[in-house]
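Enquirer: The sequence and its predicted three-dimensional model are supplied below.
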There are 2 protein chains.
Amino acid sequence: MQNDRRLAVLRAIVEDYVSTEEPVGSKALVERHGLGVSPATVRNDMAVLEEEGYIAQPHTSAGRVPTDKGYRLFVDKLSTVKPMSQAERRAIASFLDGAVDLDDVVQRSVRLLSQLTRQVAVVQYPTLARSTVRHVELVALTPRRLLVVLILSTGRVEQRLVELPAAVDEDSLGDLRARVNRAATGEVIADAATALRALPAQVAPHEGAAAVVVDTLVEAMSDHRSDERIAVAGASNLARYGDSFETSVRPLLEALEEHVVLLKLIGEATAGGLVTVRIGAEGPYEQLSSTSVVTTGYGPGDSALATLGVVGPTRMDYPGTMAAVRAVARYVSRILDEA
Amino acid sequence: MQNDRRLAVLRAIVEDYVSTEEPVGSKALVERHGLGVSPATVRNDMAVLEEEGYIAQPHTSAGRVPTDKGYRLFVDKLSTVKPMSQAERRAIASFLDGAVDLDDVVQRSVRLLSQLTRQVAVVQYPTLARSTVRHVELVALTPRRLLVVLILSTGRVEQRLVELPAAVDEDSLGDLRARVNRAATGEVIADAATALRALPAQVAPHEGAAAVVVDTLVEAMSDHRSDERIAVAGASNLARYGDSFETSVRPLLEALEEHVVLLKLIGEATAGGLVTVRIGAEGPYEQLSSTSVVTTGYGPGDSALATLGVVGPTRMDYPGTMAAVRAVARYVSRILDEA
DNA sequence: GATTGGCACTCCAAACGGGTGAGTGCCAAG
DNA sequence: CTTGGCACTCACCCGTTTGGAGTGCCAATC
């Protein structure tokens, strides 16, 4: 059946090109993979594959290179996500287990992922939007200075320092603290914000203080600046590109600085443990047409609170990368479950 | 007086080379700077400067390039830190004024600095070591789960979640909170840690809880992981090097990932508003022999709690960079003063 | 009809080689 | 001490050559 063999040839081309970084010719192919046919036969197959747009040659008399469409077929049909070895799993676990807080979890994950994939890794901080309020604490530093601490279910802590319009004693503060917590604790932040806004009117005695505190909390909850937080690691892996500096490294470096762009790039992750792969020009950014993005969602339960993944050249080891991304996402999710 | 002119020639060479990035010859020199002498005379001067090690030629029949020693002389003797323009000052102020917390201040500073200098900027987070304890808060999330919040004078907030060996009621918790704060508030963290360690023995009733809380606090205080925190921005400016990828960009990219290395690189800043310049091989790192580091200390008062600066090629605009580093450090210090 | 060996062809990449010019060092005159 | 003149040196540019990997096509074979 010649069709099966054609696909085998495509797979072989992708694998060889990924590992050698050079266009691959018919002779080298039959030698390295036991295809059991002659170079001439492979050439015929390649001619067909080229016709159908799965591979291309940089110039006549050069070997073939997979196109975006070729990679796409490879990822969808020809590759199996290779499971991580026992040793790798242990390494992941021990690397992440030492984390002390959310920040630390994110930092460790991103470094881990970049080391596993030898690529640029990106981890989005868990979004505020879908998390719930665990507790609100009010601390009087001086009678007129208040530290407002907002603790969320993801383990994220936001704090703000506020000046009160008038001094407030401990009792009133306790009262306010209780009221605020009664209104907000356990709610998704959007609901909590609504509940809080209804509060000051009811609290006559220390109205000024209540208003300031509520404003601060609402502001902290709707602060989408923190939604946009992202951790990046592994930029030095870009150095391996050596060639194709202008086409690959420069635009990517620029994108890495623009966290907003990065967010968009990673943003549309599917939940449910599925790994998404966007190849080359499938993405929205002109300049990143020779890079691929491999992402997946993570979060406690199957919630996909946020996204993590890697960015690299279209010519990358997809099976390995997808496995690493999936494994790290699972471990991070598990850790968030426990917290 | 020929000696003065020789220095003028050196200065001209440095300035030209920095702006053109190409070896500069005698003819171009006399044209662009009104030196009032002939190329031949300049050649004689250049021969002497080369003999003394201030300049070198990449190869015979090429123009001259400053050596590290040449840059050093230029920085020490020949350059005046050019003051920032009014517009630049305003830009700095407005860029930094919107910051909401310490984290934000650091993030904004590092981006600002990288944009001003078009170089890689590095800002060290204010060290724990020299800051004092402003307040400790204990929040019971459930009867056996406690959130321990440590607030420092720099505005940094560390929080830890702990499991208690046994349930603790509100009153005991209030008591413990009061004791802990009496012991620690206002102290430099080293002293606070010592004072805290002496505490549990005195507190019989809820000994277990006290011990856990104290341990957590002491751990958080002595956590030098947080001393090593650093923010980096402007890596995309490396793209401008284009040439000299192997010698400059790659090692620098690697260093940027290794925050420990970066810290050492920036670490030895002098206090008192002085800007330190380390040129090329003067640094401890072999691979960074073609990069320079411009740093200064910052912090509330004249305390130099931490360091900030930029890393770039030895061939950089020293007066401009030094001015930017100094200006940003001053503004950040002022903001920390207010907080 | 698919597969195969043979063969002519294409075209990139690396090697070669002469010409050009910026820049130098030196020297003798001012 | 400065300057104009002059011979010299090399990196760089550019056109040419050559080698080889890889292809496409065709006729022979299974």
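Expert: Good, I have the coordinates. Numbers count the residues shown, from 1 in each chain, chains lettered A, B, ... in the order given.

Enquirer: and the lengthiest strand in chain A, anywhere near chain B?
Expert: The longest strand of chain A (DSSP state E) is strand A:133-142. Yes: contact between strand A:133-142 and chain B is present through A:134, A:135, A:137, A:139, A:141 (criterion: CB under 8 Å from any CB of the partner chain). To be clear about C-beta, it is placed using only N, CA and C from the backbone, and glycine gets the same treatment.

Enquirer: Just give the strands next to that strand in its sheet, each with its orientation.
Expert: Taking DSSP bridges as the criterion, strand A:133-142 pairs within the sheet with strand A:145-152 (antiparallel).

Enquirer: Mind listing what's buried along the strand it pairs with?
Expert: A:146, A:147, A:148, A:149, A:150, A:151, A:152 (16 or more other CB atoms under 10 Å in any protein chain shown).

Enquirer: which SS class is residue A:19?
Expert: helix (DSSP: H, G, I helix; E, B strand; the rest coil).

Enquirer: and the gap between it and DNA strand C?
Expert: As defined by CB to the nearest atom of the strand, to the nearest Å, residue A:19 lies at a distance of 19 Å from DNA strand C.

Enquirer: Check the spacing between that residue and DNA strand D real quick.
Expert: Taking CB to the nearest atom of the strand as the criterion, residue A:19 is separated from DNA strand D by 14 Å.

Enquirer: and what of residue A:80?
Expert: In terms of CB to the nearest atom of the strand, residue A:80 sits 26 Å off from DNA strand D.

Enquirer: wait, what's in contact with that residue?
Expert: By CB atoms under 8 Å, 6 or more residues apart in numbering or on different chains, the contact set of residue A:80 is residue A:319.

Enquirer: likewise residue A:324?
Expert: Residues near residue A:324 by CB under 8 Å, 6+ apart: A:84, A:113, A:116, A:117, A:310.

Enquirer: any idea which element it lies in?
Expert: Assigned by DSSP states H and E, residue A:324 belongs to helix A:318-338.

Enquirer: can you check residue A:121 too?
Expert: Using DSSP H and E, residue A:121 falls within strand A:120-124.

Enquirer: Can you list the strands that that strand pairs with?
Expert: In the sheet, strand A:120-124 lines up with strand A:230-233 (antiparallel), strand A:306-313 (antiparallel) (DSSP bridges).

Enquirer: which residues in chain A form helices?
Expert: Ranges of helices in chain A, per DSSP state H, are A:2-20, A:26-32, A:39-51, A:68-73, A:86-97, A:102-117, A:170-184, A:189-197, A:207-221, A:250-257, A:259-267, A:318-338.

Enquirer: Only the buried residues of the last one, if you could.
Expert: Within helix A:318-338, the residues that qualify as buried are A:318-329, A:331-333, A:335-336, counting by 16+ other CB under 10 Å.

Enquirer: tell me the domain ranges of chain A?
Expert: A:4-76, A:86-125+A:229-338, A:130-225 (automatic domain parsing).

Enquirer: most tightly surrounded among those domains?
Expert: Comparing the domains of chain A by mean neighbour count (mean count of other CB atoms under 10 Å in any protein chain shown), domain A:86-125+A:229-338 ranks first with a mean of 19.

Enquirer: Compute the first-to-last residue distance for that one.
Expert: End-to-end span of domain A:86-125+A:229-338 (CA to CA, to the nearest Å): 23 Å.

Enquirer: Likewise for stretch A:234-249?
Expert: Span of stretch A:234-249 from end to end, CA to CA: 13 Å.

Enquirer: so for that stretch, what's the average pLDDT?
Expert: If you average the pLDDT over stretch A:234-249, you get 76.

Enquirer: do it and DNA strand C meet at all?
Expert: No: shown here: stretch A:234-249 not in contact with DNA strand C (CB under 7 Å from any atom of the strand), separated by at least 10.3 Å.

Enquirer: Say whether chain B is contacted by that stretch.
Expert: Yes: against chain B, stretch A:234-249 shows contacts by CB under 8 Å from any CB at A:234, A:235, A:236, A:238, A:239, A:242, A:245, A:249.

Enquirer: which of these lies closest to residue A:302?
Expert: residue A:234 (27.1 Å; CB to CB).

Enquirer: Could you check how far that closest one is from residue B:229?
Expert: 18 Å (CB to CB, to the nearest Å).

Enquirer: Check residue A:94 too.
Expert: For residue A:94, the distance to residue B:229 - CB to CB - is 23 Å.

Enquirer: circling back: now render the buried residues of strand A:145-152 as a markdown table, adding pLDDT and distance to residue B:17.
Expert: Formatted as a markdown table, the buried residues of strand A:145-152 follow (pLDDT from 0 to 100; distance: CB to CB, whole Å):
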| residue | pLDDT | distance to residue B:17 |
| --- | --- | --- |
| A:146 | 85 | 56 |
| A:147 | 83 | 53 |
| A:148 | 88 | 54 |
| A:149 | 84 | 54 |
| A:150 | 87 | 53 |
| A:151 | 83 | 55 |
| A:152 | 82 | 54 |
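
Enquirer: Of those residues, just say which sits nearest to residue A:68.
Expert: Checking the buried residues of strand A:145-152 one by one against residue A:68 (CB to CB), the nearest turns out to be residue A:152, at 39.9 Å.

Enquirer: And the nearest residue to that closest one once chain neighbours are set aside, its phi and psi?
Expert: Distances taken as CB to CB, 6 or more residues apart in numbering or on different chains place residue A:131 nearest to residue A:152, at 4.6 Å, with adjacent residues excluded. The phi/psi pair for residue A:131 (degrees, to the nearest 10) reads phi -90, psi 160.

Enquirer: tell me the contacts of residue A:4?
Expert: With CB under 8 Å, 6+ apart, residue A:4 has no contacts at all.

Enquirer: mind checking pLDDT for it?
Expert: Looking at residue A:4, its pLDDT is 87.

Enquirer: so how far is residue A:41 from it?
Expert: To residue A:41, residue A:4 is 13 Å away according to CB to CB.

Enquirer: what does residue A:141 give?
Expert: Distance from residue A:141 to residue A:41, counting by CB to CB: 80 Å.

Enquirer: what does stretch A:232-252 contact?
Expert: For stretch A:232-252, contacts defined as CB under 8 Å, 6+ apart pick out A:110-111, A:113-115, A:117-122, A:253, A:256, A:262, A:285, A:287-288, A:290-291, A:310-311, A:313, B:235-236, B:239, B:242, B:245, B:249-250, B:253-254, B:256-257.

Enquirer: and what of stretch A:275-291?
Expert: A:68, A:71-72, A:75, A:81, A:244, A:247-248, A:251-252, A:254-255, A:261, A:264-265, A:268-270, A:292-296, A:309, A:311-314, A:318, A:322, A:325-326.

Enquirer: That stretch: end-to-end distance?
Expert: 17 Å.

Enquirer: where in the stretch 201-339 of chain A is pLDDT low?
Expert: Along the stretch 201-339 of chain A, the parts satisfying pLDDT under 70 run over A:201-207, A:223-228, A:242-244, A:246, A:268-272, A:339.

Enquirer: give me that answer again for 80
Expert: A:201-208, A:222-228, A:239-249, A:267-273, A:283, A:300-305, A:338-339 (pLDDT under 80).

Enquirer: That'll do, ta.
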